[in-house]
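Undergrad: Quick one, fold the following:
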Amino acid sequence: MNDPLDDYRKKRDFGRTPEPAPAGSDAASVRQPGFVVHRHEARNLHYDLRLEVAGVLRCWAVPRGFSYDPADKRLAVQTEDHPLDYEHFRGRIPKGEYGAGTMTVWDQGRYELVKAADWQQAMAAGEVKLKLYGRRLRGEWHLVKTTQGPRSWLLFKSRDRYAGSSRDSALGIDPGELAVTAMHAPAQPMRWLHERAPFTDPQWLFEVEFAGQRCCLQKRGDEVRLIGVAMALPAIEKDARQLRCDQALLDGVLVASDEHQRPDRHRLERQLAAGDGTGLLFYAFDLLHWEDYDLRALPLLDRKAALRGLMPPTTSVLYVDHVAGSGPALLAVIAAAGLPAALAKRATSRYQEGPSADWVRVAAGTEPAAAPPAVAQALASTAPSRSRVKPTNLEKVYWPAEGYTKGDLLGYYEQVCDWLLPHLHDRPVHLNRFPDGIDGKSFYQREAKAGTPAWLRTVPIEHDGERVPHHVIDDRDALRYAINLGSIDLHPWLSRVPTLDQPDYAVLDLDPKGAPFAQVLRIARAAGRLLRGIGMRPLVKTSGKQGMHVFVPLQAGYIYDHSRMFTEAVARVLQRELPDIATTERLPDKRGGKVYLDFLQNRRSQTVVPPYAVRPVRGATVSTPLHWDELDADITPTLFDIHTVPPRVRERGDLFRAALTDGQDLLPAITALQQVLREG
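TA: Model prediction:
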């Protein structure tokens, strides 16, 4: 009998590839079979679906990936069987080997074969129906044989509770490595620890505080209950059954409304005492558990994005939205509605039980609220006034060909402020000023000059033997001030004020200087493959002009020499792999029309434009974060400008947020990079 892994062995040299070398097919598992999806960056990006069947992994390559829209039917090409050990494989397959490229685990879990007695019957019928239980892929999926070839199939989503848009993840976010745990409600809900006056901070988000009873809503299949509420609430339970999942645990508040549709705590108490659930509402603001996974370790913004994607359009189970960064903006609305307060929550915070400094209460009126028992003392703060910047010359044309004005520029930055400010926070910033628009004279301003408002934060930095004050743009007014000076784009340091000699990321600047953008894309894709292959989690964005920036967020403790040497090694490998289009030659006249791999930005006081900065070029294009898969599409920098970026970031969120939180260790990557260099 033929070994099902013969084809797998024949295609690989196990002296060169790190892929597992099987001795034979493994025994069939007694547990529920598993599946894995690899993101395979080979010559062309694709996804490999691998299903455990009779001691091997049966495999399909899916070039366009997965979609939750049942109308999206994706080609799936059956490939050779793989050993079960491949379920855990991730790494870089060397150049010259079969499937050369970077292999990462994109999703993993268990599955069930449905509507067929066994695999033999399903394959013979040419229709395999599966229920997948992964972090990204959930619910029923169909593989249907086509007549296009012996290995050609179509993969598509069944019309079940998970079906919907063309997103590729059930949660709509990157779930990362989530812990599989039994669902349990917190012994104490997370709650605010301090009270504070209204404030603005891009690291925080603000929600309405609803007067009611805190409780968790738990869903297990069609069984729904509000933990801590003794009575049945049929309307809420009916609506909660429509959540787009099988199991979930939501944190929120049970509310009764008065005749003005405002939450009324006393009415709620009376209704609960009387056993009357008429008209009660459940406002959900956090998602603690989803299916098999505990989400409490995820940042709050990710948990809220996941919650929003699960919520059905119902009348009694409602999603609590938020305002990012600007407490006063929400407080004005709250006060006008006659509501008492907002809750400010740190956007990157994990969920923890009990009182937390990551939550603060912000009263809308002048009367202080009764503090929870655990409060030590209230924090004092001065509520900001209205904008301290009065914009001037709003009609001045900055982009003559397009007719865009200074007012248009200020309006754009107002829209993206909440996403931009975290990337400027605590960093010295150099201003790139164009007081007469992109065709006029311009100059860089490193120093905060005399006349800079006293309220605008500056920091003195040693430069040529002098202490030079630098701007630090930490809030909306500071940003307005810089833009009103004619600063079209901004140039922050790679390090922060407390640790100026320790960069937060290593940056590779792909500078075309006239080379086609298609070559920049090709190099960026290769950089992503290389970095992921050595264990890094890089980020990519357009420069806003004709280039691209590849970022690797760093753990604290590395200095600029470390980041520069690492990035230089990456550039050397890319130059070796793509000698026809990539160069590390500094002199433009000697580059021969190739893309310059600039690693020298990784030095103290050097700057790189942040995500969402407008560039002083035709079209008012914007430095825009991208998902790596977007690099496989036919994109150009002109797609991202002051009109297209605001709706994009509202829909997708900040694709560059990991630059602020995902610090990575260079040492293991350096070891892996040395191995790549030895491969030649």
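Undergrad: Low-confidence bits of the stretch 351-500 of the chain, can you list those?
TA: Within the stretch 351-500 of the chain, the set of residues satisfying pLDDT under 70 comprises 365-386.
Undergrad: Could you list every helix and strand that the longest strand seen in the chain packs against?
TA: In the chain, taking DSSP state E as the definition, the longest strand is strand 101-114. Packing contacts for strand 101-114, counted by 3 or more Cβ pairs under 8 Å, 6 or more residues apart in numbering; DSSP states H and E, involve strand 34-41, strand 45-53, strand 91-93, strand 127-134, helix 517-533. Bear in mind the C-beta positions are built from the backbone N, C-alpha and C, glycine included.
Undergrad: Would you map the helices across the stretch 351-500 of the chain?
TA: 406-424, 476-484 (DSSP state H, counting those that start in this stretch).
Undergrad: Just the buried residues of the longest one, please?
TA: For helix 406-424, the buried set under the neighbour-count rule, 16 or more other Cβ atoms under 10 Å, comprises 406, 408-410, 412-413, 415-424.
Undergrad: any idea how far Ala211 is from the closest residue in space to Gly164 that isn't next to it in sequence?
TA: Excluding the flanking residues, the one nearest Gly164 by Cβ to Cβ, 6 or more residues apart in numbering is Tyr68, at 5.1 Å. According to Cβ to Cβ, to the nearest Å, Tyr68 and Ala211 sit 37 Å apart.
Undergrad: Which one's more surrounded, those two?
TA: Taking other Cβ atoms under 10 Å, Tyr68 and Ala211 do not tie; Tyr68 has more neighbours (24 against 17).
Undergrad: ok so, going back, confidence-wise, which of the helices and strands packed on strand 101-114 is weakest overall?
TA: Among the helices and strands packed on strand 101-114, strand 91-93 has the lowest mean pLDDT, at a mean of 88.
Undergrad: Averaging pLDDT per element, find the lowest-scoring helix or strand in the chain.
TA: Within the chain, confidence by mean pLDDT, DSSP states H and E is lowest for strand 323-326 among all helices and strands, at a mean of 77.
Undergrad: Let me see the domain layout of this structure.
TA: According to automatic domain parsing, the chain comprises the domains 6-157, 179-363, 397-495, 499-679.
Undergrad: quick one on the thing from earlier: in terms of secondary structure, what does the helix or strand following the longest strand of the chain contact?
TA: On the C-terminal side of strand 101-114, the closest following helix or strand by DSSP states H and E is helix 119-125. Packing partners of helix 119-125 (3+ Cβ pairs under 8 Å, 6+ apart): strand 127-134.
Undergrad: so what does the strand it packs on touch, helix or strand wise?
TA: In terms of contacts (3+ Cβ pairs under 8 Å, 6+ apart), strand 127-134 is packed against strand 34-41, strand 101-114, helix 119-125, strand 138-145.
Undergrad: what angle sits between it and strand 101-114?
TA: Relative orientation of strand 127-134 versus strand 101-114 (axes from the mean of the first three to the mean of the last three Cα atoms, to 10 degrees): 110 degrees.
Undergrad: Note down every partner strand of strand 127-134 and its orientation.
TA: Using DSSP bridges, the strands paired with strand 127-134 in its sheet are strand 101-114 (antiparallel), strand 138-145 (antiparallel).
Undergrad: Deepest in the core, which of these is it.
TA: Stretch with highest mean neighbour count among those: strand 138-145 (a mean of 20; mean count of other Cβ atoms under 10 Å).
Undergrad: any low-confidence regions in the protein?
TA: In the predicted model, the chain carries pLDDT under 70 at residues 1, 24-31, 166, 365-386, 680.
Undergrad: now do 50
TA: Scanning the chain with the threshold set as pLDDT under 50 gives 366-385.
Undergrad: coming back round to it: any idea which of the buried residues of helix 406-424 is the one closest to Asp511?
TA: Among these, His423 lies closest to Asp511 (Cβ to Cβ), at 20.6 Å.
Undergrad: Could you say whether Arg43 sits in a helix, a strand or coil?
TA: coil (DSSP: H, G, I helix; E, B strand; the rest coil).
Undergrad: Test my guess that it contacts Thr102.
TA: No: counting by Cβ atoms under 8 Å, Arg43 stays clear of Thr102, with 11.9 Å between them.
Undergrad: For the helix or strand where Val573 lies, which outside residues touch it?
TA: Using DSSP H and E, Val573 sits within helix 560-577. By Cβ atoms under 8 Å, 6 or more residues apart in numbering, the list of residues contacting helix 560-577 from outside reads 95, 494-495, 501-503, 505-508, 523, 526-527, 530-531, 552, 554, 582-584, 597, 599-600, 602-604, 666, 669-670, 673, 676-677.
Undergrad: Looking at the residues you listed, which are in strands?
TA: Short answer: those in strands (DSSP E) are 505-508, 552, 582-583, 597.
Undergrad: okay if I get these as TSV plus distance to Leu49 and neighbour count?
TA: Listed next are the ones in strands among the contacts of helix 560-577 as TSV, based on distance: Cβ to Cβ, whole Å; neighbours: other Cβ atoms under 10 Å:
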residue	distance to Leu49	neighbour count
Tyr505	33	24
Ala506	34	30
Val507	35	22
Leu508	32	26
Val552	29	24
Ala582	33	26
Thr583	39	20
Leu597	35	26
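Undergrad: Max pairwise distance over these: which two?
TA: Of all the pairs that those form, the one spanning the most space (Cβ to Cβ) is Tyr505 and Thr583, at 23.2 Å.
Undergrad: Distance check, the nearest residue to Val53 once chain neighbours are set aside against Gly55.
TA: The shortest distance from Val53 to any residue other than its chain neighbours is 5.2 Å, reached at Trp119 (Cβ to Cβ, 6+ apart). Distance check for Trp119 against Gly55: by Cβ to Cβ, it reads 12 Å.
Undergrad: And for Leu155, the neighbour number?
TA: Residues lying near Leu155 (other Cβ under 10 Å) number 23.
Undergrad: Shouldn't it be within a helix?
TA: No: Leu155 is assigned strand when assessed by three-state DSSP, not a helix.
Undergrad: Surely Ala185 and Cys216 touch.
TA: Yes: counting by Cβ under 8 Å, Ala185 touches Cys216, with 4.6 Å between them.
Undergrad: Pick out whichever of these two has more residues nearby.
TA: Using other Cβ under 10 Å, the more surrounded residue of Ala185 and Cys216 is Cys216, with 22 against 16.
Undergrad: Name the residues of the helix or strand containing the more buried one that are buried.
TA: Counting by DSSP H and E, the element that carries Cys216 is strand 213-220. Within strand 213-220, the residues scored as buried using 16+ other Cβ under 10 Å are 213, 215-219.
Undergrad: that older thread, got JSON lines for the domains of the chain, with distance to Ala163 too?
TA: Formatted as JSON lines, those follow (distance: least, Cβ to Cβ, whole Å):
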{"stretch": "domain 6-157", "distance to Ala163": "5"}
{"stretch": "domain 179-363", "distance to Ala163": "9"}
{"stretch": "domain 397-495", "distance to Ala163": "30"}
{"stretch": "domain 499-679", "distance to Ala163": "20"}
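Undergrad: Out of those, which gets nearest to Ser169?
TA: domain 6-157 (4.2 Å).
Undergrad: quick one: the residue nearest to Pro175 when sequence neighbours are not counted from Ser487, how far?
TA: Ranked by Cβ to Cβ, 6+ apart and with sequence neighbours excluded, the top spatial neighbour of Pro175 is Arg135, at 4.3 Å. Going from Arg135 to Ser487 by Cβ to Cβ gives 42 Å.
Undergrad: Right, I'll call it a day here.
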